[in-house]
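>>> got a structure for you, letters missing:
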């Protein structure tokens, strides 16, 4: 199976701390690299994490607050400096077009790479040419226009070796053709279909949720996610602050994840008001019993194996 | 004497490395804090160096390449977030006004502090209201418009205790009035002038030079500087590259400093092509025998004591 993992580049909300840079998350998904919400300093965090500009195929910004997007300027310039040979699609709220343009042309540089702006006018599927997944934007609730992202691998079929053997097939080129064409005709004239030697293989799902207060979009994004990255700026004791500023608490995020059947839950985007994150861990654990990660900068979180 | 020191925030040219952030230099000068060339990530480097946004009174950008200015966006937002109570003057080449505006309004934030743009139309003195020094811009030679900065403390008078005693004064409020007014009349009717109890005290000078190839501006900036911060991107072996891209070598910087009578020389803005900086140190040492610093991130360099 191809490598699918989240590389955490930064985990601080609003302002960086000694141990936490502004936001930044790279999702490696087969040959793709999706960079979410690059805050200031993402370019250098990539270096620390061993992520090259060439590894980025798409950039997705939830909203245009600085801690989620100021790093765009440096990342775009680096993509050009390093002459990244493939086009890079950039998704962002269309209402932030002026911010995107300012960050794209923040200072003088030579454009050598192809950046394809994909402003998001409203919720729904996003153009993702060549991607082995579908990408969609879902509206969130924050003082400025904010969209979460959901990545869905199409459902497929998984070959069952026993059924393959029963059908008289033992691997080799015929199986490749069977997977590509849906059926093959054997030397003895029999036709074997993919369906009879395989079982359904549900596609994997990834969701990225920030910044937002609780709203239907959070639930929609989280539904059935194998890996959910979600902001947990506050603790429940500060739920009023969270609501007021358009953020989530660790408990809220964990409850949504539990109800949505999330498998791996990554909490991030922590307010610097908390000296440590024991509270976030405890609070989330009370509601969610799957794989739980309180994110640290430069952590790597694997997408869990297929169900 | 008040604290005068350089706080080095970043020392890398073009791209950051594991140990070197993009440029960034804070000059603490009595109550002032001048932030020079904030590259991306300067906000976080300030945190590591113990520099608060409130400590910044002026920002000076030599030119609008990203490694010298992308950090403006974060620094300006932080100045507003922290509600810095004093105005902050921002100096930059007027031809980069569009870049300055894009960085100033790169993303959504609430403006609560007073930033005073001071675009530089050409070389000469700069407005520096309330400053205990004069500030001037000098044109450099780089592919884009670039200005170096020179800070000059006005010459003053230094009281000589022996002369004071000879004049019948032994400190106290009369000396304060003498320094303020230039002369005082004693109880016995005699008038004592500041000149007769003091000697000339030359003002201190600081210069900031980057990015540039060798040109008259470099010499003009360096002349008699107590502390000179100067780019030394390359080594002499790569002098052709330096000339081509509008940069200096360590030897060139050191020779200028030696001829200009510089006291403390700080080399910085190193190309990542050099695995270590022994070459820069050796090359500079051959030409300059004053205090020599090959800058490291987070280093602090004192302005040397008065001559």
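All right, it came through fine. Small disclaimer: the values here were computed from a predicted structure and weren't measured. Numbers count the residues shown, from 1 in each chain, chains lettered A, B, ... in the order given.

>>> Show me what from the stretch 1-150 of chain A comes close to chain B.
Proximity of the stretch 1-150 of chain A to chain B (CB under 8 Å from any CB of the partner chain) is limited to residues A:14-18, A:21-22, A:40-41, A:43-44, A:47-48, A:64-66, A:69-71, A:73-74, A:77-78, A:81, A:96, A:99, A:102-103, A:105-109, A:144. To be clear about C-beta, it is placed using only N, CA and C from the backbone, and glycine gets the same treatment.

>>> So which of those are in helices?
Using DSSP state H, the subset of these located in helices is A:43-44, A:47-48, A:66, A:69, A:71, A:73-74, A:77-78, A:81, A:99, A:102-103.

>>> Can you tell me which of those residues has the most neighbours?
Tallying neighbours with other CB atoms under 10 Å in any protein chain shown puts residue A:71 at the head of these, with 36 neighbours.

>>> Provide a list of residues in contact with that one.
By CB atoms under 8 Å, 6 or more residues apart in numbering or on different chains, the residues touching residue A:71 are A:22, A:24, A:38-43, B:40.

>>> Nearest to residue A:241, out of the residues you listed: which one, please.
Within the contacts of residue A:71, the smallest distance to residue A:241 is 20.1 Å, found for residue A:22 (CB to CB).

>>> can you map out the helices along the stretch 151-300 of chain A?
A:161-166, A:173-181, A:194-197, A:216-222, A:239-245, A:250-259, A:278-285 (DSSP state H, counting those that start in this stretch).

>>> Return the most buried member of those helices.
helix A:250-259 (a mean of 23; mean count of other CB atoms under 10 Å in any protein chain shown).

>>> Enumerate every residue touching the closest residue to residue A:155 other than its chain neighbours.
Nearest residue to residue A:155 in three dimensions, chain neighbours excluded: residue A:203, at 4.9 Å (CB to CB, 6 or more residues apart in numbering or on different chains). The contact partners of residue A:203, by CB under 8 Å, 6+ apart, come to A:133, A:152-156.

>>> Kindly report the domain assignment for chain A.
A:4-155+A:202-302, A:157-199 (automatic domain parsing).

>>> Outside of stretch A:35-42 itself, list whatever touches it.
Stretch A:35-42 is touched from outside by A:9-10, A:12, A:16, A:21-27, A:56, A:58-62, A:66-72, A:74-75, A:149, A:208, A:210, A:229, B:40-41, B:43-44, B:71, B:73-74, with contacts defined as CB under 8 Å, 6+ apart.

>>> Return the most buried member of the domains of chain A.
Highest mean neighbour count among these (mean count of other CB under 10 Å): domain A:4-155+A:202-302, with a mean of 21.

>>> can you pull the pLDDT of the residue in the stretch 151-300 of chain A that chain B sits nearest to?
Among all residues of the stretch 151-300 of chain A, residue A:272 sits closest to chain B, at 10.4 Å; criterion: CB to the nearest CB. What the model reports as pLDDT for residue A:272 is 95.

>>> quick one: contacts for it?
Neighbours of residue A:272 in contact, by CB under 8 Å, 6+ apart: A:12-15, A:17, A:20.

>>> 6 Å - rerun?
residue A:17 (CB atoms under 6 Å, 6 or more residues apart in numbering or on different chains).

>>> what does residue A:15 give?
If you count contacts by CB under 6 Å, 6+ apart, residue A:15 has none.

>>> about what we covered before: among the helices of the stretch 151-300 of chain A, which comes closest to residue B:221?
Comparing these by CB to CB, helix A:239-245 comes nearest, at 46.4 Å.

>>> now for the worst-scoring helix or strand of chain A on mean pLDDT, which elements pack on it?
Scoring the helices and strands of chain A by mean pLDDT, DSSP states H and E places helix A:173-181 at the bottom, with a mean of 86. When contacts are defined as 3 or more CB pairs under 6 Å, 6 or more residues apart in numbering or on different chains; DSSP states H and E, helix A:173-181 packs onto strand A:183-185.

>>> Model confidence score at the closest residue to residue A:37 other than its chain neighbours, please.
Computed as CB to CB, 6+ apart, the closest residue to residue A:37 that is not its neighbour in sequence is residue A:68, at 4.1 Å. We have a pLDDT of 98 for residue A:68.

>>> Check the contact between residue A:68 and residue A:24; I expect there is one.
No - the pair residue A:68 / residue A:24 is not scored as a contact, 9.0 Å apart, by CB atoms under 6 Å.

>>> if I pick the residue nearest to residue A:37, what's in contact with it?
A:23, A:37, A:39, A:62.

>>> can I get those residues in a markdown table with distance to residue A:188?
Conversion of the contacts of residue A:68 to a markdown table gives the following (distance: CB to CB, whole Å):
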| residue | distance to residue A:188 |
| --- | --- |
| A:23 | 60 |
| A:37 | 57 |
| A:39 | 62 |
| A:62 | 57 |
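
>>> how about the residues you listed in a markdown table, adding distance to residue A:258 and pLDDT?
What follows is the contacts of residue A:68, written out as a markdown table (distance: CB to CB, whole Å; pLDDT from 0 to 100):
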| residue | distance to residue A:258 | pLDDT |
| --- | --- | --- |
| A:23 | 24 | 98 |
| A:37 | 24 | 98 |
| A:39 | 28 | 98 |
| A:62 | 23 | 98 |
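
>>> Mind jotting down where the strands sit in the stretch 101-250 of chain A?
A:115-120, A:124-126, A:134-139, A:147-152, A:156-159, A:183-185, A:191-193, A:198-201, A:205-209, A:227-231 (DSSP state E, counting those that start in this stretch).

>>> Strand partners (parallel or antiparallel) of the fifth one?
Sheet partners assigned to strand A:156-159 using DSSP bridges are listed as strand A:198-201 (antiparallel).

>>> Report the rounded mean pLDDT for the strand it pairs with.
92.

>>> Check stretch A:225-242 too.
The model assigns stretch A:225-242 a mean pLDDT of 98.

>>> how far away is residue A:28 from chain B?
Residue A:28 sits 21 Å away from chain B, going by CB to the nearest CB, to the nearest Å.

>>> what helix or strand does that residue sit in?
strand A:24-29 (DSSP states H and E).

>>> Next, the angle strand A:205-209 makes with that strand.
170 degrees (axes from the mean of the first three to the mean of the last three CA atoms, to 10 degrees).

>>> Which is the succeeding secondary structure element to strand A:24-29?
Following strand A:24-29 in sequence order, the next helix or strand is strand A:32-36 (DSSP H and E).

>>> Spell out which strands sit alongside that following strand in the sheet and which way each one runs.
Strand pairing for strand A:32-36, using DSSP bridges, gives strand A:24-29 (antiparallel), strand A:58-60 (parallel).

>>> Now render the contacts of residue A:203 as JSON lines, adding pLDDT.
Formatted as JSON lines, those follow (pLDDT from 0 to 100):
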{"residue": "A:133", "pLDDT": "97"}
{"residue": "A:152", "pLDDT": "98"}
{"residue": "A:153", "pLDDT": "97"}
{"residue": "A:154", "pLDDT": "95"}
{"residue": "A:155", "pLDDT": "93"}
{"residue": "A:156", "pLDDT": "89"}
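
>>> With respect to residue B:137, which of those is nearest?
Of all these, residue B:137 sits closest to residue A:133, with 52.2 Å by CB to CB.
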